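# What would the 3D arrangement of this be:
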Amino acid sequence: MKKRLLKTTLTLLFSNFLMAQFVIEGHVVDSNTAPIPFTSVYDKVNKNGSYTNVNGYFKLELEALPITLVFSNVGYNTKEILISEPKRVTVILEERILELNEVTIQGRKLTSKHLGSPNKEKRCGISTCV
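Down below sits the predicted model:
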């Protein structure tokens, strides 16, 4: 009985030891050190990862190092960082500035039949129907 209990305990200990041996955590900020929430943080090779929280904080549990982490968010340049040891990192993303040459806006008159009477139509705009 004692041998069986010892084997079970050792099996559980070693299985936990073999999984997620390394922890990488940190913050993603902009050039003004303001946190960037909901930034994608993932492994470049197998695409496993997570997102930063509202404070720009992330935490990843990894099975092996070194690893290349990719940080991406809308409106910012994507950044890749090689991580070779477990540590706390601060990643600074630079804003991506896009310019449009031309913007075209089209308007239409929308009408819909009123369900109450077959001959009555409603004129619909962007926010209201009359």
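# On the three-state scheme, N101 is what?
Secondary structure for N101, judged by DSSP: H, G, I helix; E, B strand; the rest coil, is coil.
# which ones are touching it?
Not one residue lies near N101 by C-beta atoms under 8 Å, 6 or more residues apart in numbering. The way it works is simple: take the backbone N, C-alpha and C, and place the C-beta from them, glycine included.
# Okay, it and F22: tell me how far apart.
47 Å (C-beta to C-beta, to the nearest Å).
# so where is the chain shaky, pLDDT-wise?
Scanning the chain for pLDDT under 70 picks out 1-20, 110-130.
# can you pull out the helices in it?
Using DSSP state H, the helices of the chain run over residues 2-18.
# Stretch 78-89: which residues count as buried?
K79, I83 (16 or more other C-beta atoms under 10 Å).
# cool, and stretch 48-60?
Residues of stretch 48-60 classed as buried: T52, G56, F58, L60 (neighbour count, 16+ other C-beta under 10 Å).
# Quote the end-to-end distance of that stretch.
9 Å (C-alpha to C-alpha, to the nearest Å).
# Now tell me what touches that stretch from outside.
Taking C-beta under 8 Å, 6+ apart as the rule, stretch 48-60 contacts 23-29, 35-43, 69-70.
# Which of the residues you listed are buried? Put it as a PyMOL command.
A single PyMOL command selects the buried members of the contacts of stretch 48-60 (16+ other C-beta under 10 Å):
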select buried, resi 24+26+27+28+29+36+39+40+41+42+69+70
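# ok, now which ones touch the closest residue to L82 other than its chain neighbours?
Nearest non-adjacent residue to L82, counting by C-beta to C-beta, 6 or more residues apart in numbering: T68, 5.3 Å away. Counting by C-beta under 8 Å, 6+ apart, T68 makes contact with D43, K44, V45, E80, I81, L82, I83.
# Does anything pack onto the longest strand along the chain? Which helices or strands?
Assignment by DSSP state E gives strand 22-29 as the longest strand of the chain. Strand 22-29 is packed against strand 57-62, strand 67-72, strand 88-92, with contacts defined by 3 or more C-beta pairs under 8 Å, 6 or more residues apart in numbering; DSSP states H and E.
# Give me the sheet partners of the second one and which way each runs.
Okay, so that is strand 67-72. strand 40-43 (antiparallel), strand 79-83 (antiparallel) (DSSP bridges).
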